[in-house]
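>>> Can you look at this prediction? I've put the sequence above it.
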Amino acid sequence: MAQTITVKIKLIPTKEQSAILQEMSQEYISIINDLVFEMVKEKKSTKKASKNILAHLPSAVINQAIIDAKSVFRKAKKSKYTFVPVLKKPMCIWNNQNYSFDFKYISMPIMINGKAKKTPIRALLIDKDNRNFDLLKHKLGTLRITQKSGKWMAQISVTIPTVEGTGLKVMGVDLGLKIPAVAVTDDEKVRFFGNGRKNKYKKRKFRSDRKALGKKRNAIRKSKEKEQRWMEDQDHKISRAIINFAKENKISVIRLEQLANIRQTTRTSRKNEKNLHTWSFYRLSQFIEYKANLEGIRVEYVNPAYTSQTCPKCSKKNKAQDRKYKCKCGFEKHRDLVGAMNIRYAPVINGKS
């Protein structure tokens with residue numbers, strides 16, 4: 001078994017290289033949109049090859065554009081042509097046979113003086129704890145280059161073999177705001193992860209700083225990007241800590257809440273509402289899942305209904321007061337821990353357990 005994830009790398013091209021990448025990216029999506037228009041009009045997939053398309057692009061890149069256009073056409077065909085996607089964001093894609101990466105430079109064919117020439121472009125791998133460095137030792141897939149807010153980013157898909165785990169030890173994980181995550185094993189070992197108060201303070205500080213910037217759009221945009229990077233880093237650290245805890249306790253299955261309605265079901269006050277709607281619970285669950293798969297730990301999603309209200313001892317439903325959950329049967333625990341305890345044995349969404 002294997003899974004594919006994406007590693008982001010910052011590109012630092014020269015002015016000349018940047019101009020070339022801009023031109024190639026625009027032409028790339030133009031080819032795709034033109035081909036999709038033709039295929040939709042004729043109601044059938046194109047048989048064109050790179051030699052049939054006039055474009056100022058390397059033939060390998062044109063071939064990739066044809067593949068992408070066919071993929072877009074299939075989506076349009078599936079919707080019976082009621083929805084035809086149109087690409088607007090400039091990008092350019094190379095397959096894994098047409099580029100190389102040595103952790104300092106990404107080398108790929110670009111158009112120089114009318115000819116395709118394999119050219120090294122300086123790359124910066126942002127890797128605080130070696131997670132991306134380790135991932136890029138595996139099989140590399142396509143390279144996708146885009147420009148966002150004047151900065152060039154490379155996205156490399158990486159295929160990683162996963163280990164099929166064995167065993168029956170289960171751990172429930174409850175995600176939230178005041179406590180980002182709490183885990184409990186089936187032999188009642190407990191750990192809390194992250195610092196909700198610190199997260200709340202940091203997000204409030206970001207918002208305050210942006211308010212003080214007034215109408216300085218570029219500065220506001222940079223502040224938002226910085227906040228997103230910080231949030232993503234927090235999710236990486238929490239997910240890594242959760243997986244390490246699971247490994248220490250020889251866990252074979254991690255159970256999480258199905259996240260479709262988490263914004264409706266998560267306990268929060270009006271003052272925490274902004275934090276709730278800007279925190280990516282989905283991203284954290286995805287980080288937990290892909291890191292778990294690498295360690296041979298299966299992730300299952302359960303029905304979140306009443307997990308925070310049901311007493312794990314007598315099954316009666318009670319509402320927690322502040323951070324404590326109390327039941328008439330005498331059971332008393334931290335309310336987020338109650339959620340994790342119930343998640344361990346809640347019904348799995350797809351029935352496969």
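Thanks, I have the structure now.
>>> Can you dump the C-alpha atoms of whichever strand or helix holds Ser208 in CSV for me?
In this structure, Ser208 is located in helix 196-212 according to DSSP states H and E. C-alpha atoms of helix 196-212 as CSV (Å, rounded to 0.1, in the frame of the first residue of the first chain):
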residue,chain,number,x,y,z
GLY,A,196,-5.5,26.4,23.4
ARG,A,197,-4.9,29.6,25.4
LYS,A,198,-1.6,30.3,23.7
ASN,A,199,-3.3,29.7,20.3
LYS,A,200,-6.1,32.0,21.1
TYR,A,201,-3.7,34.7,22.2
LYS,A,202,-1.6,34.4,19.1
LYS,A,203,-4.6,34.6,16.8
ARG,A,204,-6.0,37.6,18.7
LYS,A,205,-2.5,39.2,18.3
PHE,A,206,-2.5,38.6,14.6
ARG,A,207,-6.0,40.2,14.2
SER,A,208,-5.0,43.1,16.4
ASP,A,209,-1.8,43.7,14.3
ARG,A,210,-3.8,43.6,11.1
LYS,A,211,-6.3,46.1,12.5
ALA,A,212,-3.5,48.5,13.2
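>>> That one packs against which elements?
helix 217-248, helix 273-276 (3 or more Cβ pairs under 8 Å, 6 or more residues apart in numbering; DSSP states H and E). C-beta coordinates here come from the backbone N, C-alpha and C atoms, glycine included.
>>> now the angle between helix 196-212 and the longest one, please.
In other words, helix 217-248. For helix 217-248 against helix 196-212, the angle by axes from the mean of the first three to the mean of the last three Cα atoms, to 10 degrees is 170 degrees.
>>> Which strands or helices does the helix or strand just after helix 217-248 pack on?
In the C-terminal direction, the helix or strand that comes right after helix 217-248 (DSSP H and E) is strand 253-257. Here strand 253-257 touches strand 170-175, helix 281-294, strand 298-302, helix 335-345, going by 3+ Cβ pairs under 8 Å, 6+ apart.
>>> quick revisit: among the helices and strands packed on helix 196-212, which gets the worst mean confidence?
Mean pLDDT is lowest for helix 273-276 among the helices and strands packed on helix 196-212, at a mean of 45.
>>> Tell me which residues of the helix holding Ser208 come out buried.
For helix 196-212, the neighbour count (16 or more other Cβ atoms under 10 Å) marks 196, 199-200, 203, 206-207, 210 as buried.
>>> domains for the protein, by residue range?
2-161, 170-345 (automatic domain parsing).
>>> Of these, flag the one that's most buried.
The highest mean neighbour count among these, using mean count of other Cβ atoms under 10 Å, belongs to domain 170-345: a mean of 17.
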